[in-house]
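[1] Got a sequence here, can you build the structure:
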Amino acid sequence: MNQWDRESELTAYALGELPSAECARLEQDLSDEDRRQIEETRAAAGMVAQGLSAEPPAGLTPLQHAAIESRLRARRPAPGDGRLGLALSLAASIVIVLGTFMGVLYALFRHRGGVAATGPVPSTVLIVPEQREPRDAKPAAGASLRPQGPQAFVAAAQHPVSAFPLQTDASGYARVRQYLAEDQLPPPDSVRIEQMLNAFHYDDPAPASEAFAGSVQSGPCPWERGHLLARVAIKAREVPGGGPVAEDVRVQVRFNPNRVASYRLLGYDLASAAGPDGATATSGQAAVALYEVVPTPGSGSDEALTVAVEYRELAGGSERRLDFRRRDDAAGATEFAFCAAVAEFALALRHELPPDRGHFDDVLRLAEQGRGRDQGGQRQQFIELVRRAKDLSDT
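    Okay, the predicted model is just below:
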């Protein structure tokens, strides 16, 4: 099967258009990158479906046809462009014929990092009704879109254990990009910290023999002097042929009251963060969480926090527990810096930081430090997004 057919098959699978027998066959050899594409396609399709249900998009005028065609031809796929190149090539032949569905394609490109992701958007291209979700819209199953106020700090002595779900949702980052592409700062309630953190690929270690790998990095909190940030990353093993890795999975973070006075989990709502029910982990699944920590006075040599993944082996197997501690290396420092940049950006957009400080400048500095290998150019796109938000906030 060539790459073009593979792309079509993955898209059909993501949208539930593949027969059951074909689904079973495909699931046997899904790679980590395949699963990321499937998740992104489903997230984009969900956003578009909600927008289209509210107001069908209008057809395209001849001028708009020409503008889109010119824009797509200007972005010809290079040999190393991979899926994005294929997507853009496919779009060039489809959007002119199916103008009524331009909203779908446009939202998908913007979600996947394509058209209008890194620069000002010409007014001739912004031709579809707004696809943003209304404030009173009901969230889709598994989503969490209700207003999210600043989380309170929790005393480590009274509540030493925190938890966060392994399932992630990156749609919040797509919404932020959509608003900024239209030269608007997003409404504070639409900015979801945990969804923005989990919208990026991270170079965290993959499991060698166990079902999961985990790591912890910590450093100074850029927006609050004296506080620390702790980044927790969990990744499931890549199973030959894909599919489930473990059942009844729970991620727990245990804080040491001798080192930590209080903490708060950035993002999530109380229902999902207080103690999520165990779920099935799939091949290559990954999640990142960020904690803001208030250290206790003094110092000590013991760990400030440890991370545990509890799970049950497949088919009613035995219960297992894996413990993970701090990771100190250059790669970990890079990932920590980028996560800190994303979190500070989200907090600034949510108006949860003092307005008299140069938070956007801090974000840009941290994002440059955390650029790393920048797989697919995601982090450079984020940097351009921050610059756009900074310009809008100054006007």
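[2] Sketch out the low-pLDDT regions of the protein for me.
    Low-confidence segments of the chain, defined by pLDDT under 70, span residues 1-5, 16-21, 24, 43-149, 269-277, 299, 327-329, 356-357, 395.
[3] could you pull out the strands for it?
    Listed in chain order, the strands of the chain (DSSP state E) span residues 154-155, 161-163, 212-220, 228-236, 244-255, 260-265, 279-282, 286-295, 305-312, 319-324.
[4] Quickly compare these and say which is most buried.
    For the strands of the chain, ranked by mean neighbour count under the definition mean count of other CB atoms under 10 Å, the leader is strand 228-236 at a mean of 23. The way it works is simple: take the backbone N, C-alpha and C, and place the C-beta from them, glycine included.
[5] Pairing partners for it, with directions?
    Neighbouring strands of strand 228-236 in its sheet, by DSSP bridges, are strand 212-220 (antiparallel), strand 286-295 (antiparallel).
[6] angle of the longest one against strand 244-255?
    Using axes from the mean of the first three to the mean of the last three CA atoms, to 10 degrees, the inter-axis angle of strand 286-295 relative to strand 244-255 is 10 degrees.
[7] May I have strand 286-295 as CSV, with CA atoms only?
    What follows is the C-alpha trace of strand 286-295 in CSV, where atoms were taken according to Å, rounded to 0.1, in the frame of the first residue of the first chain:
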residue,chain,number,x,y,z
ALA,A,286,1.3,9.6,26.4
ALA,A,287,0.3,12.3,28.9
VAL,A,288,2.0,15.3,30.5
ALA,A,289,1.0,17.1,33.7
LEU,A,290,2.5,20.2,35.3
TYR,A,291,2.4,21.0,39.1
GLU,A,292,3.1,24.3,40.7
VAL,A,293,4.8,23.6,44.0
VAL,A,294,5.4,25.7,47.1
PRO,A,295,8.5,24.2,48.8
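[8] I'd like the strands of the chain written out as a markdown table, with distance to V176 added.
    Output for the strands of the chain, formatted as a markdown table (distance: least, CB to CB, whole Å):
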| stretch | distance to V176 |
| --- | --- |
| strand 154-155 | 27 |
| strand 161-163 | 25 |
| strand 212-220 | 24 |
| strand 228-236 | 20 |
| strand 244-255 | 25 |
| strand 260-265 | 20 |
| strand 279-282 | 26 |
| strand 286-295 | 17 |
| strand 305-312 | 28 |
| strand 319-324 | 30 |
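[9] closest to E384 out of the strands paired with strand 228-236?
    Across these, E384 has its closest neighbour in strand 286-295 (21.7 Å, CB to CB).
[10] Return the residues in contact with A289.
    With contact set as CB atoms under 8 Å, 6 or more residues apart in numbering, A289 has these partners: 164, 194, 197, 231-232, 251, 253, 265-268.
[11] before we move on, the earlier item: nearest approach to G377 belongs to which of the strands of the chain?
    In this view, the strands of the chain are compared for proximity to G377 by CB to CB, and strand 286-295 is the closest at 19.3 Å.
[12] and the angle from that closest one to strand 305-312?
    150 degrees.
[13] For S262, which non-adjacent residue is spatially closest?
    With CB to CB, 6 or more residues apart in numbering as the measure, F153 is the residue that lies nearest to S262, at 4.0 Å, once sequence neighbours are left out.
[14] Relative to E224, how far out is the one you found?
    Per CB to CB, to the nearest Å, F153 is found 11 Å from E224.
[15] what's the overlap in contacts for the two?
    When CB under 8 Å, 6+ apart defines a contact, the residues bordering F153 and E224 alike are E292.
[16] before we move on, back to that, just checking, the residue nearest to S262 touches L266?
    No - judged on CB atoms under 8 Å, F153 makes no contact with L266 at a distance of 11.4 Å.
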